[in-house]
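>>> sequence and predicted structure below; questions after.
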Amino acid sequence: MSVPGAWYLGLAAMLFTIGGVGLLIRRNVLIMFMCVELMLNAVNLTFVTFARMLNDIGGQVVVFFVLVVAAAEVVVGLAIIVSIFRRRADATADDISLLRG
Amino acid sequence: MDWVVFVVAGVAVLAGALGVILATHPVHSALMLVLTLFGVAVLFVAQQAHFLAAVQVIVYAGAIVVLFLFVIMLLGVDRSENVTADPLPGQRPIAFLAGLGLIVAIFLLSRTAWVSGAESVAGAADGPGSNIEKLAGSLFTRYLLAFEMTSVLLVIAVVGAVVLARHSPSGGVRGSEDT
């Protein structure tokens, strides 16, 4: 266990930041969705690292629940994306502005 | 050896993440996402979370990325996107600045304030027994209600996906017509 937990946390922070920047700069809704997955994975890595640092299995249980919620989120999100694409052929996030005032 | 594993997996994670946000082709982004997910799984193994590493590979890299690829192919959006178009001027510089500010804030906070938690509240992570035994022991006793709630959540998600994705019998789209 020679790698300190702080290195894992730093890596998770970088992964979270990359996901967040990707969410802001990309306009394809599918890729924005993948960036959300990146951010969820960064948080999972943080939980596992703290579970090791604090010697607590609870952190890994939380990761288990995050995985379940992420699976549910992907299912519903992709269904929404499919129904958006059914209405218009090329939907970037900028085109979905029907509620714009 | 631990450092070698950490560096290799960390480079894979960051390279995959950058590939996801920089690739112009959605399929390439999905494959880069697989690289990141495998790297995270390796880091889970390196921290004795063996069960979660297996679940990460099976559920994320197996099911979720396949679902992404399936939707990409189903919708026929597997063509390159023009990433140079910038309909909202100034969005990207501001996004980069926000990301830079976020990571600087995280590292500054990590240098000043370490929250010290109580150890082994939900049970020890090391000691005798396998990782999956300890995880299951905690999941089916202390977190049993939350575990049952996740099954309700999954049922709701499945029903919601079916309702959202089905065609209406009249042939048209349900709800308001688009412009």
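Yep, that arrived.

>>> what is the burial count for the spatially closest residue to residue B:165 that is not a sequence neighbour?
Distances taken as C-beta to C-beta, 6 or more residues apart in numbering or on different chains place residue A:79 nearest to residue B:165, at 4.4 Å, with adjacent residues excluded. For glycine as for every other residue, the C-beta is placed from the backbone atoms N, C-alpha and C. Look at residue A:79: counted by other C-beta atoms under 10 Å in any protein chain shown, it has 20 neighbours.

>>> try the one 3 residues further on
For residue A:82, the tally of surrounding residues (other C-beta under 10 Å) stands at 15.

>>> that one and residue B:167: what is the separation?
11 Å (C-beta to C-beta, to the nearest Å).

>>> what does residue A:74 give?
Residue A:74 is 22 Å from residue B:167, by C-beta to C-beta.

>>> which of those two has more residues huddled nearby?
Between residue A:74 and residue B:167, counting by other C-beta under 10 Å, residue A:74 is the more crowded of the two (25 against 11).

>>> show me the contacts for the more buried one.
Going by C-beta atoms under 8 Å, 6 or more residues apart in numbering or on different chains, residue A:74 touches A:33, A:37, B:64, B:67-68.

>>> from the residues you listed, pick the one nearest residue A:88.
residue A:33 (17.4 Å; C-beta to C-beta).

>>> identify each buried residue in the helix or strand of chain A with the lowest mean pLDDT, please.
Ranking every helix and strand in chain A by mean pLDDT, DSSP states H and E puts helix A:58-87 at the bottom, with a mean of 89. Neighbour counts over helix A:58-87 (16 or more other C-beta atoms under 10 Å in any protein chain shown) mark A:58-68, A:70-79, A:81, A:83-85 as buried.

>>> if we can go back for a sec, might one say that the residue nearest to residue B:165 is in contact with residue B:160?
Yes. With contact defined as C-beta atoms under 8 Å, residue A:79 reaches residue B:160; the gap is 7.0 Å.

>>> between the two, which contacts overlap?
Between them, residue A:79 and residue B:160 share no contacting residue, judged by C-beta under 8 Å, 6+ apart.

>>> quick check: the gap between residue A:18 and chain B.
4 Å (C-beta to the nearest C-beta, to the nearest Å).

>>> ignore what I typed, I meant residue A:73.
From residue A:73 to chain B the distance is 8 Å (C-beta to the nearest C-beta).

>>> pLDDT weak spots in chain A?
Applying pLDDT under 70 to chain A picks out residues A:1, A:89-91, A:101.

>>> could you redo the last one with a cut-off of 90?
Where chain A drops to pLDDT under 90, the residues are A:1-7, A:25-30, A:50, A:52-59, A:80-101.

>>> quick check: mean pLDDT across stretch B:132-140?
Mean per-residue pLDDT for stretch B:132-140: 89.

>>> got the buried residues for it?
Across stretch B:132-140, burial judged by 16+ other C-beta under 10 Å covers B:134-135, B:138-139.

>>> for the closest residue to residue A:81 other than its chain neighbours, list the residues it contacts.
Residue nearest to residue A:81 in three dimensions, not counting chain neighbours: residue A:29, with 5.6 Å by C-beta to C-beta, 6+ apart. Residue A:29 is in contact with A:81, A:84, A:91-93, A:96, counting by C-beta under 8 Å, 6+ apart.

>>> please identify which of the residues you listed is nearest to residue B:129.
residue A:81 (42.5 Å).

>>> on that earlier part again, out of the contacts of residue A:74, which is most surrounded?
Most surrounded of the contacts of residue A:74: other C-beta under 10 Å gives residue B:68, at 25 neighbours.

>>> what helix or strand is it on?
Secondary-structure assignment from DSSP states H and E places residue B:68 in helix B:65-75.

>>> between that helix and helix A:58-87, how many degrees?
Here helix B:65-75 points in a direction 0 degrees away from that of helix A:58-87 (axes from the mean of the first three to the mean of the last three C-alpha atoms, to 10 degrees).

>>> does any part of the next helix or strand after helix B:65-75 sit near chain A?
For helix B:65-75, the following helix or strand on the C-terminal side (DSSP H and E) is helix B:91-112. Yes. Using C-beta under 8 Å from any C-beta of the partner chain, helix B:91-112 comes into contact with chain A via B:91-92, B:94-96, B:98-99, B:102-103, B:106-107, B:110.
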